[in-house]
Each structure stands twice: as structure tokens, then as C-alpha cells.
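*Asks:* Take a look and give me a structure for this.
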Amino acid sequence: MGDVVEQRPDGEAGQCGVNGADSEPEIVSDAMPADSGRPGTDLTPMSPAPPPGTPGTPGAAQLSQSPQADPEQLRQFHEFQQFQQFLRFQESRGQLSTTGSTELAPHQQPQAPPPPSKIPGWLQWLGKKVLGWLVFFLLLGIFATWAFNELFGSDDDNSTEAAARMGGGTYHTEELLAKEPYEAVRKVYDAIAQEDPSTNRPLIAEACGRFDNDNGIQQRFAENTGAHPDCRQAVIALHEQVTHVNDYAESIFPRWYDPDATTVRIDSCDFDIQGGPALGVFTVTEVEMGQWLITGHEPGPTSCQATSTEN
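*Replies:* Below is the predicted model:
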């Protein structure tokens, strides 16, 4: 403390004179405590208190009863207790490891996606080359098949089977042929005139299948209509000579014939053939189930008009 003014026994402070030395107040220092060794020893610095709850640290009751309890220490202690309760709550839910770490357990950590497998560059290059060659050979095979069919024609299995069934004996048990003699010849003209849109070829099986193949009539028809190697080639060549499909397909029409006859001879020149070549003379025979099969053929002029009248 600072200096104080001495007080006289009469309880009045000394008055300051104007000119005398006794006018100055007497200054005395505060009395020092008896137990003090030296000035300032009563002001010892306070060390920071350790967190409550550690070994050697007083609990909450001791802190509150201690004469030196500080409200700040009590506040820190309560915060520490709340933090410990939070840790125990997290451990009870399995979200913390037993060490009290705030890191997630290994089984709870998110699994990183596996890195994509990288295909070697040389393997990618080889795969592209192989795929390119496969596509090339596939396109080459398709083109070769198309070119062969265009140049030499295609042997349609269905057409071959139908021709064999119709003219090779299957008509004995199935109804495959026409039920009238003139209709049997008309269907030959119609099959040569028409064209299959899937093959751009005439209806080969429909034409050749109406001839008796067991007795070689298909081959005789091919030779009589232009010395063709077989019936198939004959039908293709005759189709190319057709100039009007409908007129040629309907060149032969029904006429009277003896209902008791089992064989009928039909000459193409008995009709006015238009839109294509005449196909000679046909012999038609009745077979099983009232069907009519072409069992003979003779050559005739390729161009003729009707020379006979209806009977």
C-alpha cells in the first residue's frame, strides 16, 4: 500500500502549514506481516489445477468442501464428467474401440471399391484384330453365297424336295397334283411365268414336280424345250423368255374331255399362247385320288396360234 497520513492522538490530522517543515504530513509504511520473511512472500503464484478425476485429484465433493474451491475448477470438472459419460455411451453402442479411440472399428470403416482390372495393351490390340478378321470373313462368306446364287442359281432344298415329292411317287398317298388334266398343264405355264420374291427365280418345284420323274419325263421336257441339262435349268431359261406374266400364266384354260378317259393329250398350239414360248405337247394321266400327272412330252414350235377349235 502507499504512504498514509499520521494521525495525532487527538484524532485530527496534522494540518499542512504554509511555510513550516511541520506542515508536511508524516509518511509511514504499512506494517509487514510477522510471518513474512521478506516483502511480497504472501503473493505466491497459483499453479494450474490438474483435471478432476485423475489420481491424486480431489473429487467433486472434496472440491466443493475445500476452502480453496474455485468455481472455474468446478465447471471444468463437470465438463470432464460429461465427456466421460459420452465416451461410455458410445462404447456401449459399439461405435468406439475398447481403447476409447474415436476412430471407427475396422469392420465399420467403408470398403473402398476394388481397382478396375487393366487389360494389357497388347491383348486389346490382339482382340481388335481377331474381331476384325471374323467380321471380314463373315461378310466375305455372305457375298460369296450371293454371287454364287446369282451366277449359277441356288438349289433350294425345299424346292428340290417338293419336286421329288410331287413327281417322284409321293402323290400316291398325298394330294399334291391338279384334279383336272388341263389344269395340270396350265400350272406348268403359271410356275414358269411367276417369280419367287425370296429367290428372284421362277417356281421350279411347282413346274418340274408335275412331271413323272420316275420315268424321266422331267429330263425329256428339259431336252425338248431347248436341250437344257435338266428341268431346273429349262424352267429358268424359259422364265427369261416370258414377256407378260399374266397372259402367259393363263395361256392354257379348261376344255371338254371324256370323263371316262384316263389319259389326255394336250397340244400347246391348240391354244393362243401369248407372253412367252409354247411348251410342246403334253400327255396327262390320271393317278391315285383323281390327280393328273404329266406322263409324256413331245417337242413343238415355240411360237404358235390356236389351230383347232373346241370339241
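*Asks:* Point out where the stretch 1-150 of the chain drops to low pLDDT.
*Replies:* By pLDDT under 70, the weakly predicted segments of the stretch 1-150 of the chain are 1-69, 94-117, 149-150.
*Asks:* can you map out the strands along this structure?
*Replies:* Assigned by DSSP state E, the chain shows strands spanning 4-5, 27-28, 263-267, 281-287, 291-298.
*Asks:* Let me have those in CSV, extended by mean neighbour count and distance to His239.
*Replies:* No exception for glycine: its C-beta is placed from N, CA and C like everyone else's. CSV is the format used below for the strands of the chain (neighbours: other Cβ atoms under 10 Å; distance: least, Cβ to Cβ, whole Å):
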stretch, mean neighbour count, distance to His239
strand 4-5, 12, 147
strand 27-28, 10, 150
strand 263-267, 17, 21
strand 281-287, 20, 18
strand 291-298, 21, 18
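*Asks:* now for those strands, which one comes closest to Gln233?
*Replies:* Ranking the strands of the chain by proximity to Gln233 (Cβ to Cβ) places strand 291-298 first, at 15.9 Å.
*Asks:* Backbone dihedrals for the nearest residue in space to Asn224 that is not next to it in sequence, please?
*Replies:* Ranked by Cβ to Cβ, 6 or more residues apart in numbering and with sequence neighbours excluded, the top spatial neighbour of Asn224 is Pro299, at 4.0 Å. Dihedral pair for Pro299: phi -70, psi 160, per degrees, to the nearest 10.
*Asks:* For the helix of greatest length in the chain, name the packing helices and strands.
*Replies:* Secondary structure of the chain per DSSP state H: the longest helix is helix 121-152. Using 3 or more Cβ pairs under 8 Å, 6 or more residues apart in numbering; DSSP states H and E as the contact test, no helix or strand touches helix 121-152.
*Asks:* Identify each buried residue in it, please.
*Replies:* For helix 121-152, the neighbour count (16 or more other Cβ atoms under 10 Å) marks no residue as buried.
*Asks:* re the thing from before, what about the residue nearest to Asn224, how many residues nearby?
*Replies:* The tally of other residues near Pro299 (other Cβ atoms under 10 Å) stands at 14.
*Asks:* Might you report the residue contacts of it?
*Replies:* 224-225, 280-281 (Cβ atoms under 8 Å, 6 or more residues apart in numbering).
*Asks:* still on that earlier bit, please tabulate the strands of the chain in JSON lines, including the columns distance to Ser251.
*Replies:* Converted to JSON lines, the strands of the chain look like this (distance: least, Cβ to Cβ, whole Å):
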{"stretch": "strand 4-5", "distance to Ser251": "157"}
{"stretch": "strand 27-28", "distance to Ser251": "160"}
{"stretch": "strand 263-267", "distance to Ser251": "12"}
{"stretch": "strand 281-287", "distance to Ser251": "13"}
{"stretch": "strand 291-298", "distance to Ser251": "16"}
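*Asks:* Between the ones you listed, which one is closest to Arg210.
*Replies:* Closest approach to Arg210 among the strands of the chain (Cβ to Cβ): strand 291-298, 5.4 Å.
*Asks:* what's in contact with the closest one?
*Replies:* Contacts to strand 291-298, defined as Cβ under 8 Å, 6+ apart, come from residues 167, 171, 175-181, 183-185, 188, 210-212, 215, 217, 220-221, 224, 263-264, 280-287.
*Asks:* between it and strand 263-267, how big is the angle?
*Replies:* Relative orientation of strand 291-298 and strand 263-267, computed by axes from the mean of the first three to the mean of the last three Cα atoms, to 10 degrees: 50 degrees.
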